[in-house]
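Novice: Need coordinates for the following:
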Amino acid sequence: MIKKIGLTVISITLLIIVILYIYTPASHSPVYSNLTVSEQLKSNKKFEFGSFQLNWDGNNKHFSISSIDDTLHNVFSSPIGKGFLAVAHGKMTSKAVRGHFSIKEKRQYICSEQTINDISVKENHIHIKGHLTCPNDKVVPYIVKLTSMNQSQIQYDIDMDDVEINRIYFSWLSDEDEHFFGFGEQYSTFDMKGKRLPILVQEQGIGRGAQPITFLAELTNGAGGSWSHTYAPVPQYISSKMRSLYSENKEYQVFHFTNNNKAQLEVFANSMKGKIYVGNTPADLVEAHTEVVGRMKALPDWTQDGLILGVQGGSDVVQHKLNTLLNNDVPITGLWIQDWVGQRETSFGNQLWWNWELDEGHYANWGELQKQLDEKQIHTLGYVNPFIVDTSEKENVQKRLFEEAKENNYLVLDKDGNPLPFEITSFDAFLLDLTNDEAKEWIKNIIKVELLDHGFSGWMADFGEALPLDASLSSKETGFTFHNQYPVEWAKLNQEVLEEEDILDEAMFFSRAGFSESPRYTSSFWLGDQLVTWDKHDGIKTAVTGLLSSGLSGYSLNHSDIGGYTTITNFPLNYVRKKELMLRWIELNAFTALFRSHEGNRPEDNIQLVDDEEIIAHVGKFGKIFKALAPYRKDLMKETEAKGSPVVRPLFFHYPHDENTYNIQYEQFMLGEEMLIAPVLDKGKEKVNVYLPEGEWVHLWSGEKYDVDEEGINIVVNAPIGEPGVFYREDSNVHLLLTDWILH
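Specialist: Down below sits the predicted model:
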């Protein structure tokens, strides 16, 4: 009885703490300003600049911007009767734990009285000049410069003539029924209306709001995360009103969409710079954005020919797993051997020795293994990240990379000038300083010698999100301004390896962390470390939401680990991969840009592809479907190269005027324009709800046809294991690629 009472008390206490954790309010609200205008601006005026015009409404004290050729489509409007700028001086502190950042912000004073003195135009530029008044009568002059770059882009530059100012609040008019999509990889929600969204590259967290795992992860090591934690945020959106904005600032920033009629961007800096994009469709706006940040290139053809099998455990284990699948007619195009550097046991599970050389003890017959793979036309992929570890306790070490990096000052330093240790589960690692050109050349040469010279055709370029905001860098740039840029430079470094070896069309790498310009430099992305669960906070559902949001931000080629990654077996938590989840994740990933598996952080606790005859048959079937669709995906990747269009798309991308598409986040998606996928993402379900937009659709498995008008329809279809909801356009040829799998 006493034991039961004790457990009840503990349970209630935990519940109370979890509730308090969930309902802790956001730390800061938006800052809006009042507006005063000069006498000359009390009447209506029109200013033309390049392809655009700014309409000043003197009565309501606000302006709107539209294309000269389409004055009905306002691409940007200031708040009515209120200011569009406010500034402040504040102090921010941050704490970094294993790639997770907690930020505390205190505003010292706020200047929220805006005056516009003058609006002038010269050729393709508009200057808005004025000042902001602070509570202590301090006056801060500002200049807003708007530049017509071309028919699809307006550049904005906002500068404050006061070095003490380190916060800018930029506001604009938002319709009450306007929805906001994009923002890079966002896992928890597709529409940010009503949200306060911070933009900071960091670990996504373990749980991200799912309880009790999030609370316990936060309690033990600050690793739980929240709904907004992401490896790859981008300060850019596309709205349902065909408006789009991109902030080119790299500092910490926050979008506020909590007001029904106003939106705001808060940037922790003295100046702001960015783009307002102009277009009539999401495709137009994605094309405009990727013209600025860069577009991804088509993946090598071999990546589309089947499964990239994630394996580890040494030569004999790898051979056994590979042969098990090959003997059962599973199409395998790549073997991803992440533990080529050797394994170490940690508190989190099986992790790698981050000493970037082949472990010849773990893979003693590497040459023979590579020869056999070459004969079977199976490409080898490896693993690398920008950390280096002390290998004094490791066997089979040929190179002491940590000592070499330390001696040559290649590492990120702490405030005392010593190499900064990063706690990575139960070992320390040291991060390369990517502002140091010599350090970059050093690690590039290691990748060339240790990966490419050993026959690898690709690798996971992991991490990139952990640089502390107060780090000391060789360039003297602060960690605060370089933090979000670090994963971009890490991707650029990996791409330079391929360029310098002239294998850009033959080899590839896939990245986890990213920021605005990462698409310019990255072969492919993957969506990070989802829990091996069905949940919408950190499980399989978030993989779909992440695909859809990131595609609107230029992350055109993206995928997730088949089966998820994060397994937890620490009492009282038990999150392990089960068979049904594995089967449904196989189905999901067959309709993305890459078909790649992962054994997870605790392979022995998870069910694996080779463990069950039904799973083997299942991955064989959907591996063949993935391979059959290769010509279709290659055409889509041509669109990616030309216009930045994502391979996997939200329905909103093709049906922006259909309001029914705004609330779809993980329930369904499109592969290009001709296929609609409604995966089964709930345990035990054998039916799936599907929304079909306007068009003539055919259900792949039954052949049933649906002629849908502009209102769209909701249907329920059978979706047993092996038959997820898949539809194609009746006038499409894509079904011809799937002849063997159509049942009618």
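
Novice: C-alpha only now, for contacts and for neighbours.
Specialist: Fine.

Novice: can you pull out the helices in the stretch 501-650 of the chain?
Specialist: 518-521, 540-551, 579-589, 613-628, 630-643 (DSSP state H, counting those that start in this stretch).

Novice: per-residue pLDDT, the residue positioned nearest the centre of the chain?
Specialist: Nearest to the mean C-alpha position of the chain, by Cα atoms, centre = their mean, lies residue 185 at 2.7 Å. pLDDT, residue 185: 98.

Novice: Next, the buried residues of the helix or strand harbouring residue 344.
Specialist: Using DSSP states H and E, residue 344 sits in strand 343-346. Neighbour counts using 16 or more other Cα atoms under 10 Å place residue 343 of strand 343-346 among the buried residues.

Novice: Flag every buried residue along stretch 584-603.
Specialist: For stretch 584-603, burial by neighbour count (16+ other Cα under 10 Å) applies to 584-603.

Novice: Quick one: mean pLDDT for that stretch?
Specialist: Per-residue scores along stretch 584-603 average to 97.

Novice: now stretch 125-134
Specialist: For stretch 125-134, the mean confidence score works out to 98.

Novice: Can you tell me what sits against that stretch?
Specialist: Under the contact criterion Cα atoms under 8 Å, 6 or more residues apart in numbering, stretch 125-134 has outside partners 47, 49-50, 86-87, 109-121, 139-148.

Novice: What strand or helix carries residue 298?
Specialist: Short version, using DSSP H and E: residue 298 is in no helix or strand.

Novice: mind listing what's buried in stretch 169-181?
Specialist: So for stretch 169-181, counting by 16+ other Cα under 10 Å, buried means 169-174, 178-181.

Novice: now, which of those residues lie within strands?
Specialist: Those of those mapping onto strands are 169-173, 180-181, per DSSP state E.

Novice: could I get those as TSV with pLDDT and distance to residue 546?
Specialist: Formatted as TSV, those follow (pLDDT from 0 to 100; distance: Cα to Cα, whole Å):
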residue	pLDDT	distance to residue 546
169	98	28
170	98	27
171	98	27
172	98	27
173	98	27
180	98	15
181	98	11
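
Novice: Save those as JSON lines, and put in distance to residue 370 too.
Specialist: Below are those laid out as JSON lines (distance: Cα to Cα, whole Å):
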{"residue": "169", "distance to residue 370": "56"}
{"residue": "170", "distance to residue 370": "56"}
{"residue": "171", "distance to residue 370": "57"}
{"residue": "172", "distance to residue 370": "58"}
{"residue": "173", "distance to residue 370": "59"}
{"residue": "180", "distance to residue 370": "48"}
{"residue": "181", "distance to residue 370": "44"}
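
Novice: Now do the contacts for residue 71.
Specialist: No contacts exist for residue 71 under Cα under 8 Å, 6+ apart.

Novice: That one sits in which helix or strand?
Specialist: Using DSSP H and E, the element containing residue 71 is strand 70-77.

Novice: Strand partners (parallel or antiparallel) of that strand?
Specialist: Using DSSP bridges, the strands paired with strand 70-77 are strand 62-67 (antiparallel).

Novice: Need the contact partners of the partner strand.
Specialist: Contacts for strand 62-67 (Cα under 8 Å, 6+ apart): 51-57, 72-82, 151, 278.

Novice: Show me which of those are buried.
Specialist: Buried among the contacts of strand 62-67 by 16+ other Cα under 10 Å: 51-57, 73-82, 151, 278.

Novice: Filter the contacts of stretch 125-134 down to the buried ones and hand me the ChimeraX line.
Specialist: Selecting only the buried entries of the contacts of stretch 125-134 in ChimeraX, with 16+ other Cα under 10 Å as the criterion:
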select :47,49,50,86,87,110,111,112,113,114,115,116,119,121,139,140,142,143,144,145,146,147,148
